[in-house]
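**Q** Here is a sequence with its predicted model. Questions after.
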2 protein chains.
Amino acid sequence: MVPRRAQLLEFAVLGLLHEGPTHGYDLRRRLNEALGPFRALSYGTLYPALKTLLGRGLIAEAPDPGRRGKRPRVVYELTAAGKEHFADLVARADSSAYEDDAFDVRFAFFARTESEVRLRILEGRRGRLEDDLERVRERAVRSRERLDSYTAALQQHGEERAEREVRWLTELIDAERRHPTDPGPQP
Amino acid sequence: MVPRRAQLLEFAVLGLLHEGPTHGYDLRRRLNEALGPFRALSYGTLYPALKTLLGRGLIAEAPDPGRRGKRPRVVYELTAAGKEHFADLVARADSSAYEDDAFDVRFAFFARTESEVRLRILEGRRGRLEDDLERVRERAVRSRERLDSYTAALQQHGEERAEREVRWLTELIDAERRHPTDPGPQP
DNA sequence: ACACAGATATATCGGGCCGATACATCGGCG
DNA sequence: CGCCGATGTATCGGCCCGATATATCTGTGT
């Protein structure tokens, strides 16, 4: 069963736990470190997501390595089922991998993704942006004069942002084709 | 009571209905025309939102101007309360006006916003982006080498996108200061 | 010594918004 | 005449966010 919506957090939690067991607060910090301040994920989703993953047996509670006298934390670790599930997710390159919100999170775990899948995700996203660009340009010719100046400026800016991302993706795709590096843990 | 979340659709519907009564399908099309294909809003929110607005008396059903023989549509028009409510929303320049998702929609209705408010929204958004940029740059110096190359590339790209938007906002702010045009209906 | 701020840590609630889906009518095309 | 894409209204499940509550720990200033 393919999840329709992104389930970004589940994916991210499973990915992060590959680096070893941790607790919720640290997961959220590491996640936002990886995504940057322009794309954060909130606690309001994280803690419920952890419970869901626990209930599905994809993660398990691990003993908190004692910190002499400090308040104990709830530490989670990956189960075998969790590892398997993440491997399935990470091998997937359908639209749920390059749709707006999903792409960043998927990209953040490219180091754990096979080169071939990386390539398909990058190309999928680029194709999507190019489709949108074509549509907006086509419309721009015949209808931009009907818009007020602010709306026109907004579209212009959106167009340029998409064009930039397409160029960025193209660079990455070219680099990926030249050096199809294998996945593996990186510092 | 200030709405915590954006309620983008309510705002947009009220704004669009200032141009005359229409039906749901047309509202969604006009909205996505204004926002561009990179930032669409869905039916799944629109029709429920229309009902909510109807229940609150901010919009009302209007007679469908007959289209001889065609299937009738559900046409809505603004009420006096709706106009008033929109005026309140549009005069607001707090964080709910320049937070990520909200900004685009707010911007799309700048033609109906007072120059002073426009300026505060633009500056608010720029300030927010600059804060984020400062944080990410500060961290970049001491920790970017700890990240794998993909995560680093993602952050780099996010940084550049934010820098571009800051420059764009600055241009708009300067233009707004030079020519503080009044709000009014534009073609 | 004490207060106070800010980071650490877990958790819940309400609700906005999305994607998928269903169903029906209409116009144009071959 | 049949098919397809656009028009049109509507609902459902569910991801995710922001606000909020609570409690402990650490650092700083005084």
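**A** Nice, I can see it.
**Q** close to DNA strand D, is the helix or strand of chain A with the lowest mean pLDDT?
**A** Each helix and strand of chain A was given a mean pLDDT (mean pLDDT, DSSP states H and E); the minimum falls on helix A:115-143 at a mean of 88. No. Using C-beta under 7 Å from any atom of the strand, helix A:115-143 stays clear of DNA strand D, coming no nearer than 11.0 Å. In this view, the C-beta of every residue, glycine as well, is placed from N, C-alpha and C.
**Q** where in chain A is pLDDT low?
**A** Scanning chain A for pLDDT under 70 picks out A:1-5, A:66-69, A:142-145, A:182-187.
**Q** Tell me the residues of it that contact chain B?
**A** Neighbours of chain B within chain A, by C-beta under 8 Å from any C-beta of the partner chain: A:33-39, A:104, A:107-108, A:110-111, A:132, A:135-136, A:139, A:143, A:145-151, A:153-155, A:157-162, A:164-165, A:168, A:172, A:186-187.
**Q** sorry, back to before: report the buried residues of the least confident helix or strand of chain A.
**A** A:117-126, A:128-129, A:132-133, A:136, A:140 (16 or more other C-beta atoms under 10 Å in any protein chain shown).
**Q** Next: stretch A:27-38.
**A** So stretch A:27-38, judged by 16+ other C-beta under 10 Å, has buried residues A:27-28, A:31, A:33-38.
**Q** Take the residues you listed and keep only those in helices.
**A** A:27-28, A:31, A:33-35 (DSSP state H).
**Q** Could you list the contact residues of chain A toward DNA strand C?
**A** A:4-5, A:23-26, A:29, A:43-44, A:47-48, A:50-51, A:71, A:73-75, A:95, A:99-100.
**Q** what do you get if the cut-off is 6 Å, keeping everything else the same?
**A** Contact residues, chain A versus DNA strand C (C-beta under 6 Å from any atom of the strand): A:4, A:23-26, A:43-44, A:47-48, A:73-74.
**Q** re the thing from before, wait, which of the ones in helices among the buried residues of stretch A:27-38 is closest to residue B:17?
**A** Distance to residue B:17 across those (C-beta to C-beta) is lowest for residue A:35, with 37.2 Å.
**Q** Helix or strand next in line after the least confident helix or strand of chain A, which one?
**A** Once the chain leaves helix A:115-143, the next helix or strand it forms, by DSSP states H and E, is helix A:149-178.
**Q** got the angle between that following helix and helix A:115-143?
**A** Relative orientation of helix A:149-178 and helix A:115-143, computed by axes from the mean of the first three to the mean of the last three C-alpha atoms, to 10 degrees: 150 degrees.
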